[in-house]
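Peer 1: Let me see the structure of the following:
(chains A, B, C, D and E, ligands or ions: 4)
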Amino acid sequence: MARSDAGKLSLILLMTPFLMWIVLLIILPQIGIGYLSFQEKVGPRQYVFGVGNYVEFLSEPIYWNTLLRTAWMSILVTILALMIGFPVAYYIAKIARKRSRAALFLLCLIPLWVSDLVRAFGWIVLLRETGVISGALQSVGLIGGPVELLYNDITVVIGLVYTVVLFMIVPLVSTLEGMDNSLLEAGYNLGGTRFTVFRMIVVPYAMPGIVAGCIIVFMLTAGSYLTPILLGGKNSMWFTEQIYTQFITRYNWESGSTFGVLLLLFTSAVVWLGLRLTGQNLASTVAKE
Amino acid sequence: MNVAAPQSRFLRATYSGYLVLFFIYLAAPLVAAGVFAFNDSTFSALPWKGFTLDWFFGTTDPKVGMFHDRRLLRGMGNSLYIGVIVAALSVVVGTCNAFLFERKEFPFKSVLYILMVLPLVIPGVILGISILVFASMVANGVENGTGIDLGFLRPGLFLVIIGQFSFLTTITSLVIAARLRKFDVALEEAALNLGATRVRVLATITLPYLAPALFSAFIVGFLISFENFNTTLMLVGSDAPLTITMYDRMVKVGSTPVLNAVSFFLMVGSGLLALISVLAQRQRADD
Amino acid sequence: ETLRLLTWGSYAPEEVVRLFEEKYPDIDVEVTYSNNEEMIAKLRATRGAGFDLAQPSHDRIFAVQEEYGIYKPLDLSKIDTASMQESLLEGVKANTTIDGEVYAVPHQWGTSGLMADITKAPDLNSWDDLCDPQYAGQTSMRLRRTILLGMAFAAGKDPFAAYNDLDEYQKLMDEVTETLIACKANLKAYWNGGDDLSNLMLSGEAVASETWDSTAYKLYAENPNIVFIPPETGALAWIDTFAIPAKGEADDAAYKWINFVLQPEIVTMMSASTGAIASVKGAIDLLPEDKKAAVQAAFDEDDLNNLKFFANIPAGIEEIEGKALDRIKAASE
Amino acid sequence: MFDLQGDSLTKRFGSFTAVRDVSFEVPSGSFFSILGPSGCGKTTLMRMIAGFEEPTSGDIRIKGTSVVGTPPNKRNVKMVFQHLALFPMMNIGENIAYGLKCRGENKVDIRRKVGEVLDRIGLPGVEEKQVSQLSGGQKQRIAIARCMVLEPDVLLLDEPLGALDLKLREHMKIELKQLQHQFDTTFLYITHDQSEALVMSDNVAVMKSGRFEQIGPPEQLYHAPQTAFVAGFVGDSNRFEGRLSARAGDEARVTLDAGGEMVARLGQEGLSDGAAVSVFVRPEAISAHATRGAAAADMVAVEGTVDSLLFNGANSRLLVKLDDGTQIESSHTTGAGAGARFAPGDRVTLTWAVADGLCFAAEGGA
Amino acid sequence: MFDLQGDSLTKRFGSFTAVRDVSFEVPSGSFFSILGPSGCGKTTLMRMIAGFEEPTSGDIRIKGTSVVGTPPNKRNVKMVFQHLALFPMMNIGENIAYGLKCRGENKVDIRRKVGEVLDRIGLPGVEEKQVSQLSGGQKQRIAIARCMVLEPDVLLLDEPLGALDLKLREHMKIELKQLQHQFDTTFLYITHDQSEALVMSDNVAVMKSGRFEQIGPPEQLYHAPQTAFVAGFVGDSNRFEGRLSARAGDEARVTLDAGGEMVARLGQEGLSDGAAVSVFVRPEAISAHATRGAAAADMVAVEGTVDSLLFNGANSRLLVKLDDGTQIESSHTTGAGAGARFAPGDRVTLTWAVADGLCFAAEGGA
Ligand SMILES: Nc1ncnc2c1ncn2[C@@H]1O[C@H](COP(=O)(O)OP(=O)(O)OP(=O)(O)O)[C@@H](O)[C@H]1O
Ligand SMILES: Nc1ncnc2c1ncn2[C@@H]1O[C@H](COP(=O)(O)OP(=O)(O)OP(=O)(O)O)[C@@H](O)[C@H]1O
Ligand SMILES: [Mg+2]
Ligand SMILES: [Mg+2]
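Peer 2: Numbers count the residues shown, from 1 in each chain, chains lettered A, B, ... in the order given. Ligands and ions are numbered 1, 2, ... in the order given. Purely as a prediction, here's the structure:
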């Protein structure tokens, strides 16, 4: 029948760009680095297939320590972003009046539209020994001489939370906005205290938003590059930096790919675990705008 | 009474205090970065040496303003060029995807849907290297096999565009699909019923309805492309976009307040764009 | 026609580019700032495409060219080699000749050494003085191969001599790694580029540091107390060269650029920007006045004779060095 | 002449049959309703007529011509959607002009026709308003005008009152009927609300699980239903379940499941003794008396206790619990001159004429 | 003893007064409704009782004790929300147990009580189901059970049937009333649907613009309204506007705005001659006759043409257009033994007893 032919044709027309995008730009490249990660270099322009790069990774504590460090700092950043972002999201979604709500939301978004680099640069200007904060503290007389606030892990965490907290707030706001005030009223009406209502109604209701926010924040943190590099101190190592080093400084694409694959596997595992523990699924959480 | 709000005066004050602190936290580095664009010093640091616009309009060394700095201008040009192309491409493909997933039924739909959102959770650096590696493998294969050099598969504008496109498309698809989901198919049926052809329905009903989403997807795509660093870093060739130019300047040459000036300029620019896109969304909330 | 330069931060000052473009109105110069590693990485990724002229250091060409073939041989007849200082030219040629083809000619040279604010750190004269507890929290270095080599020299070894024996080199590096990890607590920060370093020194946050001589000269102009100090074991010297990428598309323009920047008046401008010394005859005299003073304050004849030029890096060496650097970076204080 | 005919229409979705062998004829200029519970296939049937679904088998004829295979934009049947589907990106004038533009009429004609149709629906001069500026009832009329301006052979309406609130709905019922008179066009109206169907229609088809159970004018459906489903679905009814124990002429004797016996008129032919049957009695056919005296010959009488009085003005009901536990609703007049009044707990006798009880094969059976 | 009392309650939002000087008393165990059009302040009043709004002035007493200032979670009044507000992230059992948990009861007790209350609402064993698995009517009952398990002094219900569809609504009306009997708890019920209020309540308060217009049992409101608003809002009515021209005893002579005169009973005292008045006549009080003969002395008779017949079973209406253009609805019995039948276009005389017409000061006036 003519109509179903037209349907099929339009399906094919819509499917083609999608498949080209997904296959050529996402799947094949991932397979590509997967393949490359199993190439061991045995001499100039000579490679054999093997797991040497992975062995190398495992046998070198620096590498997996860096991965673990990246992971736990990312988790820390995620938790902090959640704790810092939740009250803000709650305020925007549930307390602010309609008009100020839009304004606050916009205010939250503005840093999002400025590149990572500018943000990190801003922190540097603020925190360096000759920076604004140090200067301000001195002029107030709180400290005698200049203090270095840059180049340590706390700075990195502050900077990272700063970069990602918006990605926590956005899904939280959109979930919490969907929560009818009458649920809260019912919670109180049935005898709940502020705390019970929060624990038994608000948090479970916001769970999809929490999970979505956490996933995005975790991935962004683990995959960030500029902030830990520019704000990090003498000891700070970030796994993406390792990947960059392998690719650019060492021009060792094989082990760079290995690191890439490992980072991907590792973050996916964390995300998967998070989804499992909270009983959510990827499509429904992340895709909810 | 809003039951969601804290009732005691003390809690309310604490809450407001917290929010104020939070927004100060959000604004501080941007304000700092912006303010030093006007400092009459070659360092973006205290002390304050007076107000100047040289870092925007200055023409003489050492204070060459951003509008006379050829490399920064070229970087900005590249960023604009890349941003417009990437945003346009990803809006087009995103629209197709939105129709595909909202309107069509086909086997393995849910699996493919997960594939569609997947790029969101792949770190940008990995997208960058994987596209770099894959493009090089193809280019090397072709070159070794036929001797033809597919130059566009080497780091450069094309790969940067492809790399940014690869994850931006997910975002535009989601934005457009969300709008399309709210679209009542009955509107299309009504138009058909009133005698319109399918093409006419698309042109007069569906696309006008989607227009605000297409517009804000474009803006969002453009801004994200403009500020992207992680993916671009791995794919950039000789035509570096602005973020890369700035980064190179910062770590390889040394930062002068001209970088603050660029930052300030970018903040104002993207702030305006964001505002426009929010206004467009506001309008769409009205209808 | 476009000339796409892949070069170091200050090697293409606006003024020089403008003059060049005035002289050759049909050539448009496009500059990408980079460093040794990135130049190689970029050219490797493109198999030598995307750029028309690169400026890697002399020790970074041989092995890379053997492995990846990213440069094309130079046509020396198109270069004004006569104006170059003989020893440097020959040295670079010796370092970069493969199968009888020459791949690079020298452009500027400079050294890595130490820098100190002599009012605050008057006695600094060896690499390992950076780890001296009396400067605790006030020194800095760049966590790259230079400091590894410097520390090796400071420990009385000759790392270049160990290049041919990987095991021995590994041992040497292990030793150096220990030292540098122990030293870590003494440092204020690792610097990444000239800018960081300038900020650190000018603000007084650091009083002594490993440095490029060029940066030190620049700072000398701002604050004459900050001087370049060649370490007693000798400053490490590098020569930045000109090399043409294998798929460069504007060779003529590239040769024009090379010859253009070797002209005396351009050399002066260039040196003013880079702080490095051109590899042309009488280069020191062509330095701008303030730089000349800085060089004279830093070097005497002995220091110049004691320069240690970086040797070609054989395969495997960078691997070892890279791991050492990673280990240092990751170690906690 | 029939404006619209359906011939053994069947529509299957996979293995599920949404519409099953439905035939009907809609005379020109009449108001035809399809009444049925949610999910019975009404919308599917209408979508086949509009051309949004292809029938699996059967034929649809508009003005005598088969339209199977004709795309929706080529059929001269127009449709008012449940949520109206007014185009939010156009103003009222553009909405109404849309179909005319698609036809390629010239601007002057379009302006004139839009103006005319707005006059006819009593909303002159609203061309420039936005959809969101109109009230629910006004939108309703615009949706109809948008179709009527194209002078369709048949206007389809899919529960157009569903989204309105109660008061407005009552009002629009009457207005719709008047609009149909005015335009003198065939209306095919879908609803699950029996009072809408009864009030407005010339003919009503009662639909159940994809089939038509009965087609007829409202009075016929109400007073002479042909199946248990129709009797139960159209209007309020008390229902008694039982088994047919004997027949005499058109009278049936039914042994009730709850105990006792009841005589009722046979509403359906072909029932055999012992068949499971339902007896339906409308509340307004029942009258309540304080318990006293015996019933007349052709009356049914049952006894029970008043459970509660549901006051609702002219529609008040007496809820009586029979001794066997069955609950019966009877009409109940209240107020000043209303005669006998009852209080919860009073014993009452309920009586109705034998002919007011209708006996059908129980649903699910036969 | 009153479970709930309101004393001159007033609530202002800024300069807008949502509830104005409202006083009422709800006796223990009774079903009390507040009936009023949208926006009249019903919800605001209920939220004050539940503790979600503080009254601007006035007092609320529950079981005699003032609760002004008591936070909502400390008041023993429970509330069924318009959209029920069942917690979507909990299953049915958890929903019902929520309040008990908040009270800190032990697990065994909670299990038992949840089971018991589910039995009482006729849904035993649904503890493990998710909210979304239940039908609208079942959710309704769960929402009530969730409150009732806490044995509140008063149960507040804010238009709980608003979201249900028509058939279910009819059914739930009766069920709600029965649940109230069963739990024997005081219900305070809000609605804008007069039939709900009439059917279920022991007492109804009619509210308008923040004020109570009249409080009384349903019959009283229906048969003896005290204001024009109540007469028009409660039950269907035909309304005639005019001016009072003369009074005699409790009879009023009204000059109609549309022309002609009408005699009606005075529903209200203190009307002076010349005042703008409205006369209300219920459709069921009107009977239609083929035009013939003169009317009796205490009857009003008007003449007109049948416009249309709206068949709706026992609720059928005759729509008559008087010669002056006024449209009148009269009840109309149809069917087999229904006597005179009319067709559109027939001339008819409509008559009603003078006492069935009620005359009030026009709304907006006095
Ligand atoms: N495209 C479809 N695919 C599969 N089943 C369908 C489809 N469309 C409708 N159905 C099924 O056909 C049946 C009839 O649906 P239809 O929409 O016609 O009912 P309806 O009578 O209009 O109900 P309502 O009064 O709720 O609108 C339903 O059970 C529905 O689930
Ligand atoms: N928080 C508030 N601030 C200002 N005005 C309010 C507030 N809450 C209610 N109102 C106003 O008070 C009036 C009464 O509102 P309320 O919700 O009590 O009406 P209602 O009778 O429940 O109406 P409905 O039947 O539509 O629910 C409305 O005009 C409303 O706009
Ligand atoms: Mg339907
Ligand atoms: Mg309300």
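
Peer 1: count of residues packed around the residue of the stretch 51-200 of chain C found nearest chain A?
Peer 2: Using CB to the nearest CB, C:E67 is the residue of the stretch 51-200 of chain C that sits closest to chain A, at 4.6 Å. Glycine gets a C-beta too; all of them are placed from N, C-alpha and C. C:E67 has 16 neighbours, counted by other CB atoms under 10 Å in any protein chain shown.

Peer 1: Hmm, it is touching C:I313, no?
Peer 2: No - using CB atoms under 8 Å, C:E67 is not in contact with C:I313; the gap is 11.4 Å.

Peer 1: Counting neighbours, show which residues of stretch D:74-89 come out buried.
Peer 2: For stretch D:74-89, the neighbour count (16 or more other CB atoms under 10 Å in any protein chain shown) marks D:75-82, D:84-89 as buried.

Peer 1: Nearest to D:L309 among those?
Peer 2: Closest to D:L309 out of the buried residues of stretch D:74-89 is D:Q82 (37.4 Å), distances taken as CB to CB.

Peer 1: I'd guessed the closest one sits against D:A163; true?
Peer 2: Yes - the pair D:Q82 / D:A163 is scored as a contact, 7.0 Å apart, by CB under 8 Å.

Peer 1: okay, and the common contacts of those two?
Peer 2: Shared contacts of D:Q82 and D:A163 (CB atoms under 8 Å, 6 or more residues apart in numbering or on different chains): none.

Peer 1: Please list the residues of the stretch 151-287 of chain B that sit near chain D.
Peer 2: Contact residues, the stretch 151-287 of chain B versus chain D (CB under 8 Å from any CB of the partner chain): B:184, B:186-187, B:189-197, B:200, B:204-205, B:208-209, B:286-287.

Peer 1: I'd guess A:Y90 is in a helix, am I close?
Peer 2: Yes - according to DSSP: H, G, I helix; E, B strand; the rest coil, A:Y90 belongs to a helix.

Peer 1: how about the closest residue to it other than its chain neighbours, phi and psi?
Peer 2: Distances taken as CB to CB, 6 or more residues apart in numbering or on different chains place A:L176 nearest to A:Y90, at 6.1 Å, with adjacent residues excluded. For A:L176, the backbone dihedrals (degrees, to the nearest 10) come out as phi -70, psi -30.

Peer 1: what's the answer for D:F81, then?
Peer 2: phi -80, psi 160.

Peer 1: ok, now C:L304?
Peer 2: Main-chain torsions, C:L304, degrees, to the nearest 10: phi -60, psi -40.

Peer 1: Compute the distance between it and ligand 1, please.
Peer 2: Applying CB to the nearest ligand atom, to the nearest Å, the value for C:L304 to ligand 1 is 88 Å.

Peer 1: what does D:L244 give?
Peer 2: From D:L244 across to ligand 1, the span is 32 Å (CB to the nearest ligand atom).

Peer 1: which other residues reach the helix or strand that residue falls within?
Peer 2: For D:L244, the element it lies in under DSSP states H and E is strand D:238-248. Defining contact as CB under 8 Å, 6+ apart, one finds that strand D:238-248 is touched by D:232, D:252-258, D:261-262, D:266, D:271-283, D:286, D:326, D:328-330, D:359, D:362.

Peer 1: Buried subset of those residues, written for PyMOL?
Peer 2: In PyMOL, a selection of the buried entries from the contacts of strand D:238-248 looks like this (16+ other CB under 10 Å):
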select buried, chain D and resi 232+252+253+254+256+262+266+271+275+276+277+278+279+280+281+282+283+286+326+328+329+330+359+362
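
Peer 1: What are the buried residues along stretch A:131-145?
Peer 2: So, applying 16+ other CB under 10 Å, buried residues of stretch A:131-145: A:G131, A:V132, A:I133, A:S134, A:G135.

Peer 1: want to try TSV for the residues you listed, with secondary structure and pLDDT as columns?
Peer 2: TSV is the format used below for those (DSSP: H, G, I helix; E, B strand; the rest coil; pLDDT from 0 to 100):
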residue	secondary structure	pLDDT
A:G131	coil	73
A:V132	helix	76
A:I133	helix	79
A:S134	helix	76
A:G135	helix	77
